[in-house]
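Peer 1: I need the structure of the sequence given here:
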Amino acid sequence: KAMLLLKKKRYQEQLLDKTENQISNLERMVQDIEFTQIEMKVIEGLKIGNECLNKMHQVMSIEEVERIIGETQDAVEYQRQIDEILAGSLTEEDEEAILEELNAITQEQVELPEVPSEPLPEKTPEASPVKNRPKAELVAAS
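Peer 2: Sure, this is the predicted structure:
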């Protein structure tokens, strides 16, 4: 009878080991399936991203991008020139031209209107009537 119980115990231990191995295999398979699903999502995302890039490449060519960049650089340069002019950073040639124009203006005989010799009449300020306004009363909040 003891021999039979030992055989039964041994059989159940082997069955338990097999079951544990099967459970371990199942868990590994589940992990592999989950990882494969994640890989599939990544691949699908890459596929969609690639399609979007291809559509963008169809819409915009390299030449067009270079043209836009060139126009932008030209506009920035033009704006920089405007900023320099507005900031008053003039070249020596500009300074000389301005001085020549100033000299030409000051050399001209400009006829100014005659200034009256009699003194200006003095104005006396009239007293303006002050309106009495009723003062606002403060009311306590209730």
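Peer 1: sticking with residue 120, tell me its helix or strand.
Peer 2: According to DSSP states H and E, residue 120 maps onto no helix or strand at all.
Peer 1: now residue 94
Peer 2: Assigned by DSSP H and E, residue 94 belongs to helix 92-107.
Peer 1: distance from the chain centre to that helix, please.
Peer 2: Remark: helix 92-107 is offset 46 Å from the chain centroid, using CA atoms, centre = their mean, to the nearest Å.
Peer 1: then stretch 21-30?
Peer 2: For stretch 21-30, the distance to the chain centre is 51 Å (CA atoms, centre = their mean).
Peer 1: so which bits of that stretch are buried?
Peer 2: By 16 or more other CB atoms under 10 Å, stretch 21-30 has no buried positions at all. Yep, even glycine has a C-beta here, placed from its N, CA and C like the rest.
Peer 1: what is the mean pLDDT for that stretch?
Peer 2: What stretch 21-30 shows for mean pLDDT is 96.
Peer 1: what of stretch 111-122?
Peer 2: The average of the pLDDT scores along stretch 111-122 is 78.
Peer 1: how far off centre is it?
Peer 2: Computed by CA atoms, centre = their mean, the chain-centroid distance of stretch 111-122 equals 62 Å.
Peer 1: show me which residues of that stretch are buried.
Peer 2: For stretch 111-122, using 16+ other CB under 10 Å, no residue counts as buried.
Peer 1: pull up the distance across that stretch, start to finish.
Peer 2: Taking CA to CA, to the nearest Å, stretch 111-122 runs 29 Å from one end to the other.
Peer 1: ok, and what's touching it?
Peer 2: For stretch 111-122, there are no external contacting residues (CB atoms under 8 Å, 6 or more residues apart in numbering).
Peer 1: how about the CA coordinates for the helix or strand bottoming out on mean pLDDT in the chain, as PDB?
Peer 2: Within the chain, no helix or strand scores below helix 92-107, which has a mean of 82 by mean pLDDT, DSSP states H and E. Below are the C-alpha coordinates for helix 92-107, written out as PDB (Å, rounded to 0.1, in the frame of the first residue of the first chain):
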ATOM      1  CA  GLU A  92      29.600 108.000 -44.900                       C
ATOM      2  CA  GLU A  93      28.300 108.600 -48.400                       C
ATOM      3  CA  ASP A  94      24.800 109.200 -46.900                       C
ATOM      4  CA  GLU A  95      26.200 111.500 -44.300                       C
ATOM      5  CA  GLU A  96      28.100 113.500 -46.900                       C
ATOM      6  CA  ALA A  97      25.000 113.800 -49.100                       C
ATOM      7  CA  ILE A  98      22.900 115.000 -46.200                       C
ATOM      8  CA  LEU A  99      25.600 117.600 -45.200                       C
ATOM      9  CA  GLU A 100      25.700 118.900 -48.900                       C
ATOM     10  CA  GLU A 101      21.900 119.200 -48.900                       C
ATOM     11  CA  LEU A 102      22.000 121.000 -45.600                       C
ATOM     12  CA  ASN A 103      24.600 123.400 -46.900                       C
ATOM     13  CA  ALA A 104      22.600 124.000 -50.100                       C
ATOM     14  CA  ILE A 105      19.500 124.800 -48.100                       C
ATOM     15  CA  THR A 106      21.300 127.200 -45.700                       C
ATOM     16  CA  GLN A 107      23.000 129.000 -48.600                       C
END
